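got a predicted structure plus its sequence, pasted below:
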Amino acid sequence: MNTTQRSGVLNFMHYRYFKLSSMLMVAAIVTYVLAPVGDEPYGGTWLGYVLGIVSALIVLLLLWYGIARRRTPRVRYQRPHPKNGGHKQAGSVQPDFSLRRWEDRGRHLAKDAWSHGGTLQGWLSSHIYLGASLIVLATLHTGFQFGWDVHTLSYVLMLLVIASGFYGMYAYLNYPRLITLNMGEETLDDLLHKIAELDELARIHALGLPDEVNALVLKARQETRLGGSLLRQLSGKQRNCPTISAARQILQLGSKYIKNEQPELMRDLYAVLLRKERLVLRARHEIKLNARLQFWRYLHVPLAVALLAALLAHVVAILFYW
Amino acid sequence: MIFCLLIRVSRNQQGVTIRKESTVAGESIQIGRGAACKIRLFDHRVALHHATLRQSKDGELYIEAEGEASLKINGVVEQNASLPPGARVEIGPYLLVVDPASNGPYISLSVETVQLPSIHGAGKVRRVGPVTLTNLGMSKRKLSFGLAICILFFFLLLPLLPGVSSELDKWQSSLPVTLTDSWSPGPLSGGHGVFGAKCSSCHQRAFRAVSDDACTACHKKVGKHLTDDALHASLFKDVHCTECHVDHKGAAGLTRHDSSRCVACHGDIKSRSAKTTVANVHEFSTDHPPFRITVQNGKDGRPAIRVLQNQKGKLLEQPGLKFSHQVHLDKNGVSSPEGDTVMSCHDCHRPDEPGIHFEPISMKKTCQQSGCHGLDFTAPVEGVIPHGSEREVMNRMRSYYAKWLVAAPENMAECGHNGKPENSPQQTLACAAELAQRNAAASLFSKNAGCAECHEIEASDDSEVPWKITPVRLNRNWHAKSVFSHAKHDTTDCTACHDKMNSKTSADIAMPTIEKCRECHVGDQPVKEKVRSTCDSCHRFHGGGDAVK
């Protein structure tokens, strides 16, 4: 894990929100243990109501983050103005490409007072730590009473949102670095072009070789899949990848075609397919990492909105049948 | 040394060719998009250092691809090739043409951007599917709204509907899965199951707490906490059933068992009622006052009194019976018609059905078991007297003597008659009465024998029955204000709590004190290896404080 990344979000203001949520959790646990609320703890005791209201307010605050981050003005990569010291200023806001999309905004805005009373980085830090504290607060609110009802549904949805959030935090702290390691300065389009060129090169090499080899090369060209369905993107794999199997089979066929210039062509073809295999694997890895970097939000956001709906139903149910 | 005239060819909007010329020179000339290259080609399909122009030993120029990069020379993909005048080199989207005027190390290269076919086009990689989640057409917004609408429909709208119409409420409560099931926080307790999913049975008004009226509509006989109605009304006007009885807890039951609600008042009971004689209590194991036990020491029908167990002087029973537990529980046995019999507590104290108290002690079932304490007499007449009132005893005695005198008139001599058979019935009855009274005085109602073995006998003004047995009042409920289940304590010997082995008189009280209970029991706060006991383990709230539910 990159120290710079962690210090940005988790270590915001010397762990301010870590301390805050820890205090909340400890206070909740101590009160739960010591408070005289009776033998049968449940959400309807005075402590249950307090924990429930605090948890609901935190949920609303966390949901507000979703709105706040959209309201935040986009980072403007201002060109250095010659009159304002040019390069010096530009260097101070040098973007960190390992944290593109999400971190950029937080990092840059951390330096500017945000019009809504804080920086996005601070919001994110509080989002993570307060979200984690809900595991304790809301669990104590339930009094460990669970059932097949809207109340437990709200609780389970909340846990799912938090779990997806934890995964998201893990992804954003790790995957950008892995993406950089995998891709260097190239883009996916670069790889695809190179793969296309290698396909062409392989086709040309194979022209002077028997049909068997040409069939393998054609199959590797036409049936090698990149991307695709959600699961294919997330797994980053293709079962029996034709490119990989073509390379293996070309190696085995090397002892069969030994006439004239065939050994040399076979060797060249093998080299081309190996290069393509490496590129295909890199492209799939890129697609996989990006999919995994994005996918959690397709859980986190809809589940959070579902949680809001369930929470509304939970509160109305409690008040309606008081 | 290579000298290269670089001609960059582009076209303006009208399609007119524009040529910009520059020169580069060097031992070798690097081509790529990197800054270190002498010929820079700005496209991502071009590697940083894509290829190099070199001069062979014989002076011929050739181009060589670097690393994994590839070149297409005259339409053929190559790794390296010589560059005769007119050669066409494709690098990424660029076409480099060697001018025919080139000569040896002096080369003229025109560079033009030509659009290469798309990678998604026919004949290239055909199986490139969506490479991002966005390409899949997934929408967080649609997912969010879809989920939220489903939840609001099933878990908010549907459960609210029965509140709108009682007909609908009735109909839905008969469904296998009802509209309100998702709102119920747990199964109803015990008998409340009859309400099923008809929430309005108890929750009569929306957004209002369950009222006491909803409870008392069925539970009409629930007793009050205090016997003083006025005091009860003033102290409990703001206390509602739901404070202690919370439903939807299934098997856990309806009643709160913890002591906090009790201690809220009884922790400082004087502040609630200045006249009370009840002491403050917070916790059984610390400040619960000594037990106040019911003692039968009032003679002549005076009611039993309740005595604190620390008031030793008042702790005397007067049950009107002479009884020694020591004699009956002798380890060597007590003599009986069946020989010496070793007795145990349960021979006389038999638990009643609920296991709380014991069956009443009776002469017939208890004292006369195994033939003990028979009431038969032999001289001068034989018979059995009943165990009942003194008058019944005397009547039975007279009848025995009357029969005896009729069967043998000569026995009339005992009364000073001549013993002839012509005695009148009146004379016979008078004689029987006289003999019965004489015999009773000497045996049954004597000071230390007969009835007096167990009973206290006093003189009476009644001429026919001049004796009176002190009424027997055996204590059956020592703790009138609390409940103690002997059945739950049957794992313990009786004598562990009741020290009766050496008791010689019925005045002895052998009720365990609170200290004895505290050996095993603690109060609300759990203690390891102790039994947690809350107020309602022994006391009942309803029923005027008496031990009734």
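In hand now; what should we look at?

residues of the helix or strand harbouring B:Ala148 that come out buried?
Per DSSP states H and E, B:Ala148 falls inside helix B:140-152. For helix B:140-152, a neighbour-count test (16 or more other Cβ atoms under 10 Å in any protein chain shown) marks B:Lys140, B:Leu143, B:Ser144, B:Leu147, B:Ala148, B:Ile151, B:Leu152 as buried. Just so you know, the C-beta spots here come from the backbone N, C-alpha and C atoms, and that holds for glycine as well.

distance between the following helix or strand past that helix and the chain's centre?
Sequence-wise, the next helix or strand downstream of helix B:140-152 (DSSP H and E) is helix B:158-160. Distance of helix B:158-160 from the chain centroid (Cα atoms, centre = their mean, to the nearest Å) equals 29 Å.

quick one: is helix B:158-160 near chain A?
Yes - using Cβ under 8 Å from any Cβ of the partner chain, we find that helix B:158-160 touches chain A at B:Pro159, B:Leu160.

which residues does B:Phe195 contact?
By Cβ atoms under 8 Å, 6 or more residues apart in numbering or on different chains, the contact list for B:Phe195 reads B:Leu188, B:Ser201, B:Cys202.

if we go to 10 Å?
Neighbouring residues of B:Phe195 by Cβ atoms under 10 Å, 6 or more residues apart in numbering or on different chains: B:Ser173, B:Leu188, B:Ser201, B:Cys202, B:Asp247.

neighbours of the last one, just the number please.
It stands for B:Asp247. Applying other Cβ atoms under 10 Å in any protein chain shown, we find 19 other residues in the vicinity of B:Asp247.

my guess is B:Leu109 contacts B:Arg19, does it?
No - here B:Leu109 lies out of contact with B:Arg19, judged by Cβ atoms under 10 Å, at a distance of 12.0 Å.

identify the contacts common to the two.
Residues touching both B:Leu109 and B:Arg19 (Cβ under 10 Å, 6+ apart): B:Ile7, B:Arg8.

more crowded one of these two?
B:Leu109 (22 against 10).

residues in contact with B:Leu53?
When contacts are counted by Cβ under 10 Å, 6+ apart, B:Leu53 touches B:2, B:4, B:24, B:26-31, B:38-39, B:61-64, B:83, B:89, B:96, B:105, B:107, B:109.

let me see the domain layout of chain A.
For chain A, automatic domain parsing gives the domain ranges A:3-78+A:96-182+A:296-320, A:188-295.

and the closest residue to B:Ile39 other than its chain neighbours, what are its bridge partners?
Closest residue to B:Ile39 in three dimensions, ignoring its sequence neighbours and counting by Cβ to Cβ, 6 or more residues apart in numbering or on different chains: B:Ile31, at 4.5 Å. When bridges are called by DSSP bridges, B:Ile31 pairs up with B:Ile39, B:Ala51.

what's the per-residue pLDDT of B:Ile31 here?
The model reports B:Ile31 with a pLDDT of 92.

and B:Leu109, what helix or strand is that in?
Here B:Leu109 sits within strand B:106-113, counting by DSSP H and E.

what are the buried residues along that strand?
Counting neighbours by 16+ other Cβ under 10 Å, one finds that the buried residues in strand B:106-113 are B:Ile107, B:Ser108, B:Leu109, B:Ser110, B:Val111, B:Glu112, B:Thr113.

may I have the predicted confidence score for the third one?
pLDDT, the model's per-residue confidence, is 89 for B:Leu109.

so how far is B:Gly86 from it?
Separation of B:Leu109 from B:Gly86 (Cβ to Cβ, to the nearest Å) stands at 12 Å.

make sure B:Glu317 is indeed in a strand.
No - counting by DSSP: H, G, I helix; E, B strand; the rest coil, B:Glu317 falls outside a strand, being coil.
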